[in-house]
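Quick one, what's the 3D model for this:
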Amino acid sequence: MTGRLADIAQRIASVRELDSVIAAMRGIAASRAQLCRARLPGVLAYEEVIADAIVEALPLVPRAATGADRRRGAGHAVVLFGAEQGFAGAFTDRVLDGAATVLKDAALMLLGTRAATVVEERGLPVAWGSAMPSHPDAVATTADRVAEALYERIVDGRADRVSLVFPVWQADGQLRVETRALLPFDFGHFVARGGMPPRARPPLLTLPAATLLARLVEEYVFAELCAAALEAIAAENEARIAAMLAANRNVERVSSELHALERRTRQNDITAEIAELSTGLMNAGRDGPLPPASRDF
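You can find the predicted model right below:
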């Protein structure tokens, strides 16, 4: 019985260590999610500034608003932001399930090491892949890398349409998978949006109007990629927090059961020892009178 008590005590110690690891992982995930939430308004504000600049530049290039000279039939590419690490429950599966329709007959451009593992298990082909940034500070570098791969694919004639798929963690604790058309660029959206009040004089330009508009479009796409990456990192870490909270509840339950088992085992050990002593005394009484108790005077 003593050996069993030692085993139970060892299991309790292991569960306690596991609880510490879970708490640390939850703290890191909460910190990263909070950082992403703090950075996102700045990226969205920057996106709005670029959008206003596009609205102002559009009258200088009337042909852009018609969407002329768009090639068709080259193919559809989907940029999907998945999970970089594990311990986030069914996060990646839910993202892939939500993107199933848009992924049909599309070239998958996947971000996320953990997501790549799940995609491989599902037998989905990946046209291009990269790691997801684990920290908000690396979002801009990742967005540059994705944009470069996108434009290369478009220039080579392998794609004429690009969609963006990324997870968003909602305030009610639910995961939403958002899909946006990224390219070809929808200038009609900006025409309908309206924008800055008319200027008394046209703006001074240091670039040809068409080049300026093209640069603004590139910057807007970059901002969209940054915003999607921040949303995805935040969603992954929010999912990890939820998974760690569930794990913590399980650890508390197992710990409670182990402590109860430890108490029962100790009580059984004591009961067995008392029964053994009592049996020994009874057997000694049958063999002869018990020795008189010694007295010290």
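
what ranges do the strands span in the stretch 151-297 of the chain?
Along the stretch 151-297 of the chain, the stretches classed as strands by DSSP state E, counting those that start in this stretch are 161-169, 175-183.

got a list of what residue 132 touches?
The contact partners of residue 132, taken as CB atoms under 8 Å, 6 or more residues apart in numbering, are 81-84, 111-113, 115, 142, 229, 232-233, 236. For the C-beta atoms, the positions are set from N, CA and C on the backbone; glycine is no exception.

Check residue 182 too.
Each residue near residue 182 by CB under 8 Å, 6+ apart is listed here: 79, 150, 162-164, 221, 224.

list the buried ones in stretch 159-168?
Applying a neighbour-count criterion of 16 or more other CB atoms under 10 Å, the buried positions in stretch 159-168 are 159-167.

rewinding a little: so which of the contacts of residue 132 comes closest to residue 75?
The shortest gap between residue 75 and any of the contacts of residue 132 belongs to residue 111, at 19.2 Å (CB to CB).

Tell me who's in contact with the closest one.
Applying CB under 8 Å, 6+ apart, we find residue 111 in contact with 79-82, 129-132, 142, 146, 229, 232.

Narrow the residues you listed to those in helices?
With helices taken from DSSP state H, the overlap with these comprises 142, 146, 229, 232.

Name the nearest residue to the first one, ignoring sequence neighbours.
Nearest residue to residue 142, sequence neighbours excluded (CB to CB, 6 or more residues apart in numbering): residue 133, at 4.8 Å.

which residue ranges form the helices in the stretch 1-150 of the chain?
Assigned by DSSP state H, counting those that start in this stretch, the helices in the stretch 1-150 of the chain fall at 2-57, 91-98, 100-103, 113-122, 139-155.

From residue 110, how far out is residue 156?
From residue 156 across to residue 110, the span is 19 Å (CB to CB, to the nearest Å).

from memory residue 126 sits against residue 108, does it?
Yes - using CB atoms under 8 Å, residue 126 is in contact with residue 108, at 5.2 Å.

of the two, who's got more company?
Per other CB atoms under 10 Å, whichever of residue 126 and residue 108 has more neighbours is residue 108, with 19 against 14.

Please tell me I have it right and the more buried one contacts residue 123.
No - Residue 108 is beyond contact range of residue 123, at 11.9 Å (criterion: CB under 8 Å).
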